[in-house]
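> The following block contains a protein sequence and its predicted model.
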Amino acid sequence: MAWTYLALAGCFEIAWAVGLKYTVGLTRPWPTIGTVAAMLASFWFLALAARSLPIGTAYAVWTGVGVIGTTVLGVILFNEPRDWQRAFFVSMILVGIIGLKLAGVPAPT
């Protein structure tokens, strides 16, 4: 269940990071409320995951998922650069996340 919590935390991490763009510097009330709600949900699910997973692993995966998802949505939604260097280094983050999952982190009890 910890990895499920961590996946949810990562999804909310992406939501609030992308949401920041829509708040226009926290000047638009509804996007700001949604962004803050996503932040709280992200932290909540991270805390639940950290009950069973090592905090270093949980934090690395949480931020990595956020980076990957936010980068992809930045390209799709905001026409951010899609050069090969960005793709390569973001893919290295994905390799790191997969490596942490496969590294034998003990199963939650």
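Thanks, I have it.
> what's the closest non-adjacent residue to residue 103?
The shortest distance from residue 103 to any non-neighbouring residue, by C-beta to C-beta, 6 or more residues apart in numbering, is to residue 57 (8.0 Å). C-beta here means a position set from N, CA and C on the backbone, and glycine is covered the same way.
> Run the chain-centre distance for the host helix or strand of the one you found.
Element membership for residue 57, per DSSP states H and E: helix 55-78. A distance of 4 Å separates the centroid of the chain from that of helix 55-78, by C-alpha atoms, centre = their mean, to the nearest Å.
> same thing with stretch 24-39?
On C-alpha atoms, centre = their mean, the centre of stretch 24-39 falls 17 Å from that of its chain.
> How about that stretch, which residues are buried there?
Neighbour counts over stretch 24-39 (16 or more other C-beta atoms under 10 Å) mark 31-32, 34-35, 38-39 as buried.
> CSV please, covering these and showing secondary structure.
Below are the buried residues of stretch 24-39 laid out as CSV (DSSP: H, G, I helix; E, B strand; the rest coil):
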residue, secondary structure
31, helix
32, helix
34, helix
35, helix
38, helix
39, helix
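> Report the two of those separated the most.
Among the buried residues of stretch 24-39, the pair separated by the greatest distance (C-beta to C-beta) is 31 and 39, at 12.5 Å.
> the inter-axis angle of the helix or strand of the chain with the lowest mean pLDDT versus helix 55-78?
For the chain, the helix or strand with the lowest mean confidence is helix 84-102, at a mean of 92 (criterion: mean pLDDT, DSSP states H and E). With axes from the mean of the first three to the mean of the last three C-alpha atoms, to 10 degrees applied, the angle from helix 84-102 to helix 55-78 works out at 150 degrees.
> Packing partners of helix 84-102?
Judged by 3 or more C-beta pairs under 8 Å, 6 or more residues apart in numbering; DSSP states H and E, helix 84-102 is in contact with helix 55-78.
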